[in-house]
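*Asks:* Just the structure for this:
(one chain, ligands or ions: 1)
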Amino acid sequence: MNETSKNLNLFSIQLLEWYHLKGRFLPWRENIAPYPVWLAEIMLQQTTVATVKDYYARFLEKFPKIQDLAAADEEDVLHLWQGLGYYSRARNLHKCAQNIVCERGGVFPNTEKELLTLPGIGPYTAAAIAAIAFKEPATVVDGNVERIISRLYRIEEKLPKSRPLIKERAQALTSSSTPDHYAQAIMDLGATICTPKSPKCDVCPVSGFCQAYKEGDMLDYPKKKPKKAKPHKTGILYIFEDAQGNLYKEKRPEKGLLANLWQFPSTGWEQEQLPEELEQLLYDHEAADIGTYSHVFTHFKLTFDVKHIKLADTMPWDYENKPIPTLMKKALTLLKNNLH
Ligand code: SF4
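*Replies:* Purely as a prediction, here's the structure:
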C-alpha cells in the first residue's frame, strides 16, 4: 500500500470510529431496507432532518409497504406530503413506487446505475440508496460532502465547475469495505461538525487531513459563483368565502409549478384575470384587504396582496382534504389572524 492509499484508508478509519461513537440516531437507520431508506432520502432532499422525522413516521404508518404506496391515490400522497414543499418529489415518489411494483415485481433495483433510471432518483439519492441499503461502494455527494471535500483539499475552483474534481476526491475517500456506514458517517460529519458557518474543527475526527484547517481559512471554502438575485413577482390573491364558511379553491394544472395542488385564485403573476364567474362575484361583493405575505420559490420570490370576499349565499364548494401548498397555507393563516 503506497503512502496516498494509506492516508485515504486512515481517513475512513477515523471517520468511521467517530461515526460509531457519535453518529446521529435517526429513525430511518433503525430499518435498513430499500423502501424506508428510499423514502427517507427522497424526503431529505431540500428538507431538514427535524422536519422529515414526522413525515417519515406518518408515511410508513399509512403506507407500510411499497405496494401500499403504489396503490394509493395521488391526491392522498400529496395530502400527506402537504407542507414538505417541492411537490414534484411526492409525485415522483408515487410514480417510482408504481414502477417498482408493476414492472419489477416490488423489488428495488440494487445498483446505483439502475436506481438512477427510476423517477425522482438523481445521482445523490441513487448513490445513497445503493450504499446504505445494498452496501455498494457508491459515493454520495451532496452540498454537505461538497463542503467537506472543498475544505479538506482547499479546492480553488468555484462550484458548480468544481463538481467533477470534488466527485473524484470523494470517490477516492469512500470506504469499499463498509460503504453503508461510510455514506452515513460523511453525511453526519457535514450535518453536525463541518457545518457551513461554524465548523467545529477542534472536535473534527478528520482535522489531521484537512488543508483548510491547517491554513485556518475553512470559511473560504467551498468557493462559489456569486448567486444572482431572484426575480420578484407580485400578485393579488382572492379568498372567496360562502355563507357556510366554505372557501373557493381551484386545481392547478397537471404540469409545472405546484402541479395538481389546490389553490385560492390569484392574478398578476400567472394570469391577468379571474375566471368570469369569479369576476362577477367580485363585482357584486365587497373585497376586504387582509394583508400581504411573501413566499420564496427556487427561482423567484412572490408577494401577494390578499383580499377576502364574504358572500351571503351558500355555494356548492366542498374541497375538504384537497392538498394545498405552503403558499396557500400562509394565506389561510393570514385569514385566521384577521378574523380573530
Ligand atoms: S477540520 Fe474543520 S473544516 Fe476541516 S473537515 Fe473538519 S470540520 Fe471541516
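*Asks:* And the spatially closest residue to W317 that is not a sequence neighbour, how far from A312?
*Replies:* For W317, ignoring the flanking residues on the chain, the nearest one in space by C-beta to C-beta, 6 or more residues apart in numbering is N246 at 4.1 Å. Bear in mind the C-beta positions are built from the backbone N, C-alpha and C, glycine included. Counting by C-beta to C-beta, to the nearest Å, the separation of N246 from A312 is 13 Å.
*Asks:* repeat for G216
*Replies:* With distances taken as C-beta to C-beta, G216 is found 70 Å from A312.
*Asks:* which SSE is the closest residue to the ligand within the stretch 1-150 of the chain in?
*Replies:* Relative to the ligand, the nearest point of the stretch 1-150 of the chain is I148 (5.3 Å; C-beta to the nearest ligand atom). I148 belongs to helix 143-152 when elements are defined using DSSP states H and E.
*Asks:* Any chance you could list what contacts that helix?
*Replies:* 141, 155, 159, 162-163, 166, 169-170, 173, 186-187, 189-191, 194, 196, 199, 206, 209-213, 218, 221-223 (C-beta atoms under 8 Å, 6 or more residues apart in numbering).
*Asks:* Intersect those with the contacts of the ligand.
*Replies:* With C-beta under 6 Å from any ligand atom as the criterion, the contacts of helix 143-152 include C194, P199, V206, C210, A212, Y213, M218 near the ligand.
*Asks:* Give me the neighbour count for the fourth one.
*Replies:* Number of residues near C210 (other C-beta atoms under 10 Å) recorded here: 21.
*Asks:* and the nearest residue to it once chain neighbours are set aside, how far is that from R89?
*Replies:* In space, C210 comes closest to L152 once its chain neighbours are excluded; the distance is 5.1 Å by C-beta to C-beta, 6+ apart. Using C-beta to C-beta, we find L152 at a distance of 30 Å from R89.
*Asks:* quick one: contacts for the nearest residue to S12 once chain neighbours are set aside?
*Replies:* Using C-beta to C-beta, 6+ apart and skipping residues adjacent in sequence, the residue nearest S12 is S175, 4.1 Å away. By C-beta under 8 Å, 6+ apart, the contact list for S175 reads S12, L16, P137, H181, Y182.
*Asks:* try 10 Å this time
*Replies:* Each residue near S175 by C-beta atoms under 10 Å, 6 or more residues apart in numbering is listed here: 8-9, 11-13, 15-16, 131, 137, 181-183, 185-186.
*Asks:* Who has more neighbours out of L152 and R89?
*Replies:* Between L152 and R89, counting by other C-beta under 10 Å, L152 is the more crowded of the two (22 against 17).
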